[in-house]
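Novice: sequence? don't have it. structure:
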């Protein structure tokens with residue numbers, strides 16, 4: 001009887017959630033796809049592939065890509081955090097990268113209002129402003145003169161046809177003769193949704209060394225991609241697309257899931273996946289994480305546009321793939337006291353014997369064939385909330401702190417040839433209960449040789465995105481369903 005009651009409750013809640021979304025624009029990524037193989041590329045363990053079989057019209061160039069991930073525990077970027085970002089994005093012993101790809105988790109608190117309500121672009125805007133200021137502050141330009149337009153916070157990219165004679169840009173959402181524009185749809189959006197438009201801000205002005213290429217937010221998961229201005233002038237960057245997969249509570253709420261970016265630089269396609277997987281250190285929780293990884297592979301689908309037949313639509317269809325985030329894998333069968341003892345000794349090799357992600361890879365449960373750098377830094381989770389370098393729990397216990405065994409929850413993996421890892425490290429920012437993790441890569445791109453240089457517009461086009469409809473119920477049944485959902489979100493938060 002209890003089983004039937006739980007099943008009935010769950011069914012009611014699913015119907016409620018679908019009913020609340022029936023007026024929203026359909027999510028083109030929420031249908032199932034066959035998993036597409038990339039042809040079974042073989043990896044050479046420590047060999048960097050310096051050449052490809054190419055025709056005489058192509059050559060290879062190299063780019064430096066900085067990939068970073070950070071769970072910010074629902075805190076807003078205020079106060080002294082700008083200094084911390086400088087430490088994270090500009091390590092003293094590393095040269096500047098050509099591309100910065102930054103993934104965040106929990107940029108908003110994972111509460112009922114943020115999980116099932118309308119997307120609020122405020123925090124994404126704040127992070128983009130801070131990132132831009134940090135990357136460009138040493139180049140003598142005032143990067144922001146006015147606030148940013150709504151960041152990309154849904155899958156609703158708006159494209160308009162641009163005549164060939166006017167097409168001078170080769171980046172930020174170009175697909176063939178299709179150029180991403182925001183302003184033309186802003187006026188239309190004002191006509192249809194006056195209240196939402198009142199919350200929008202004016203376009204932002206970029207005049208720095210790095211330009212925001214694309215950003216994407218889903219609840220607390222956020223990705224932001226920045227490129228050097230000269231890279232955009234030198235190479236043809238096209239087909240910039242986004243996709244999101246919500247696979248949290250009940251399998252489809254956005255408290256957990258991924259946001260992904262697909263783009264092509266000359267003849268090489270890239271995919272960047274920022275993810276936040278299921279929390280918990282109980283036995284069997286790794287199975288939930290593995291399942292969410294498979295769901296992200298299966299449900300991530302990038303939109304197809306006219307004259308777009310050759311561009312990848314799925315994750316594994318890309319040439320170079322980077323997956324990063326709070327993957328939440330813990331330490332297998334290791335007592336808390338022993339884990340802390342090995343951390344104190346800095347015996348990372350011994351500690352990695354218990355690493356859940358490595359074990360799952362070896363057993364074929366997840367990420368088969370993917371690579372990760374050697375971990376030579378302390379576990380990045382869970383730190384005390386008292387702004388110190390002490391892990392939560394342990395002895396002496398602090399009042400109100402959760403007992404969690406430290407673990408390498410924050411990870412960066414990659415898949416594909418033509419990628420060389422230069423460094424893999426963590427930063428010491430005492431802002432949240434996680435520490436940021438970063439990797440610097442040297443990657444090859446296939447370039448078409450041409451005697452006719454392209455004309456490239458130096459001004460980044462800031463896309464405008466329509467916010468989704470508010471998801472608010474008013475009936476007594478809706479209130480009951482929301483209370484059930486509230487308890488599920490609270491239970492999920494307690495397990496983190």
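Specialist: Yep, it's here. Because the structure is predicted, anything quoted here is derived from the model rather than measured. Numbering: from 1, shown residues only.
Novice: rest of the way, CA atoms for contacts and neighbours
Specialist: Fine.
Novice: all helices for the stretch 351-496 of the chain, in order.
Specialist: Counting by DSSP state H, counting those that start in this stretch, the stretch 351-496 of the chain has helices at residues 356-362, 476-495.
Novice: actually, the stretch 51-200 of the chain.
Specialist: Secondary structure of the stretch 51-200 of the chain by DSSP H, counting those that start in this stretch: the helices cover 81-89, 112-116, 122-136, 183-192, 194-198.
Novice: got the angle for the helix or strand following the last one vs helix 122-136?
Specialist: If I follow you right, that is helix 194-198. Later in the chain than helix 194-198, the nearest helix or strand by DSSP states H and E is strand 210-218. Counting by axes from the mean of the first three to the mean of the last three Cα atoms, to 10 degrees, strand 210-218 lies at 160 degrees to helix 122-136.
Novice: now strand 210-218: mean pLDDT?
Specialist: What strand 210-218 shows for mean pLDDT is 97.
Novice: list the contacts for the closest residue to residue 231 other than its chain neighbours?
Specialist: Distances taken as Cα to Cα, 6 or more residues apart in numbering put residue 98 closest to residue 231, at 7.1 Å, once the chain neighbours are dropped. Residues in contact with residue 98, defined by Cα atoms under 8 Å, 6 or more residues apart in numbering, are 63, 64, 65, 66, 227, 228, 231.
Novice: pull out the buried members of the residues you listed.
Specialist: The neighbour-count test (16 or more other Cα atoms under 10 Å) marks 64, 65, 66, 227, 228, 231 as buried among the contacts of residue 98.
Novice: could you export the contacts of residue 98 as JSON lines, including distance to residue 108?
Specialist: JSON lines is the format used below for the contacts of residue 98 (distance: Cα to Cα, whole Å):
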{"residue": "63", "distance to residue 108": "32"}
{"residue": "64", "distance to residue 108": "30"}
{"residue": "65", "distance to residue 108": "27"}
{"residue": "66", "distance to residue 108": "24"}
{"residue": "227", "distance to residue 108": "26"}
{"residue": "228", "distance to residue 108": "28"}
{"residue": "231", "distance to residue 108": "32"}
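Novice: between those, which is closest to residue 427?
Specialist: Taking Cα to Cα as the measure, residue 427 sits nearest to residue 66 out of the contacts of residue 98, at 13.5 Å.
Novice: picking that back up, and the furthest pair within the buried ones among the contacts of residue 98?
Specialist: 66 and 231 (14.4 Å).
Novice: enumerate the beta-bridge partners assigned to residue 242.
Specialist: residue 261 (DSSP bridges).
Novice: residues touching it, list them.
Specialist: If you count contacts by Cα under 8 Å, 6+ apart, then residue 242 has 155, 216, 259, 260, 261, 262, 302 around it.
Novice: for residue 273, what are phi and psi?
Specialist: phi -120, psi 110 (degrees, to the nearest 10).
Novice: how near is it to residue 261?
Specialist: From residue 273 across to residue 261, the span is 7 Å (Cα to Cα, to the nearest Å).
Novice: do the same with residue 448
Specialist: 23 Å.
Novice: what about the strands in this structure?
Specialist: Along the chain, counting by DSSP state E, strands occupy 58-71, 99-105, 159-161, 178-180, 210-218, 221-228, 237-246, 257-265, 268-276, 320-326, 410-415, 419-426, 437-448.
Novice: can you redo those as JSON lines with distance to residue 380?
Specialist: Output for these, formatted as JSON lines (distance: least, Cα to Cα, whole Å):
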{"stretch": "strand 58-71", "distance to residue 380": "10"}
{"stretch": "strand 99-105", "distance to residue 380": "14"}
{"stretch": "strand 159-161", "distance to residue 380": "40"}
{"stretch": "strand 178-180", "distance to residue 380": "38"}
{"stretch": "strand 210-218", "distance to residue 380": "23"}
{"stretch": "strand 221-228", "distance to residue 380": "18"}
{"stretch": "strand 237-246", "distance to residue 380": "24"}
{"stretch": "strand 257-265", "distance to residue 380": "20"}
{"stretch": "strand 268-276", "distance to residue 380": "15"}
{"stretch": "strand 320-326", "distance to residue 380": "10"}
{"stretch": "strand 410-415", "distance to residue 380": "7"}
{"stretch": "strand 419-426", "distance to residue 380": "8"}
{"stretch": "strand 437-448", "distance to residue 380": "8"}
